[in-house]
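Engineer: Provided below are the primary sequence and the corresponding predicted coordinates.
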Amino acid sequence: IARALRAYQEKQGVASGRCALRRSAWRGAQDWMASAV
């Protein structure tokens with residue numbers, strides 16, 4: 001059970017990390033578009 005819980009936590013961590021990365025990349029893209037204009 002502990003192993004499954006740990007795997008679940010790792011999966012959640014990866015998902016949240018990916019979401020944060022996408023959010024920061026999106027913000028960077030918006031800043032680049034604004035500066036380009």
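Structural biologist: Perfect, I can see it now.
Engineer: Show me where this protein has its strands.
Structural biologist: All residues of the chain lie outside strands when identified by DSSP state E.
Engineer: can you pull out the helices in it?
Structural biologist: With DSSP state H as the definition, the chain shows helices at residue ranges 2-36.
Engineer: low-scoring stretches of it, by residue?
Structural biologist: Residue ranges of the chain with pLDDT under 70: none are present.
Engineer: try 90 this time
Structural biologist: Per-residue confidence of the chain (counting by pLDDT under 90) places the weak regions at 1-2, 4-25, 28-29, 32-37.
Engineer: could you dump stretch 1-19 to PDB, C-alpha only?
Structural biologist: Included here for stretch 1-19 are C-alpha records, laid out as PDB according to Å, rounded to 0.1, in the frame of the first residue of the first chain:
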ATOM      1  CA  ILE A   1       0.000   0.000   0.000                       C
ATOM      2  CA  ALA A   2       2.800   2.400   0.900                       C
ATOM      3  CA  ARG A   3       4.400   1.700  -2.500                       C
ATOM      4  CA  ALA A   4       1.200   2.500  -4.300                       C
ATOM      5  CA  LEU A   5       0.800   5.700  -2.300                       C
ATOM      6  CA  ARG A   6       4.300   6.800  -3.100                       C
ATOM      7  CA  ALA A   7       3.800   6.100  -6.800                       C
ATOM      8  CA  TYR A   8       0.600   8.100  -6.600                       C
ATOM      9  CA  GLN A   9       2.400  11.100  -4.900                       C
ATOM     10  CA  GLU A  10       5.200  11.000  -7.500                       C
ATOM     11  CA  LYS A  11       2.600  11.000 -10.300                       C
ATOM     12  CA  GLN A  12       0.800  14.000  -8.700                       C
ATOM     13  CA  GLY A  13       4.200  15.800  -8.300                       C
ATOM     14  CA  VAL A  14       5.100  15.200 -11.900                       C
ATOM     15  CA  ALA A  15       1.700  16.400 -13.100                       C
ATOM     16  CA  SER A  16       1.900  19.600 -10.900                       C
ATOM     17  CA  GLY A  17       5.400  20.200 -12.000                       C
ATOM     18  CA  ARG A  18       4.500  19.900 -15.700                       C
ATOM     19  CA  CYS A  19       1.500  22.300 -15.200                       C
END
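Engineer: Please state the offset of it from the chain centre?
Structural biologist: The gap between where stretch 1-19 is centred and where its chain is centred comes out at 13 Å by C-alpha atoms, centre = their mean, to the nearest Å.
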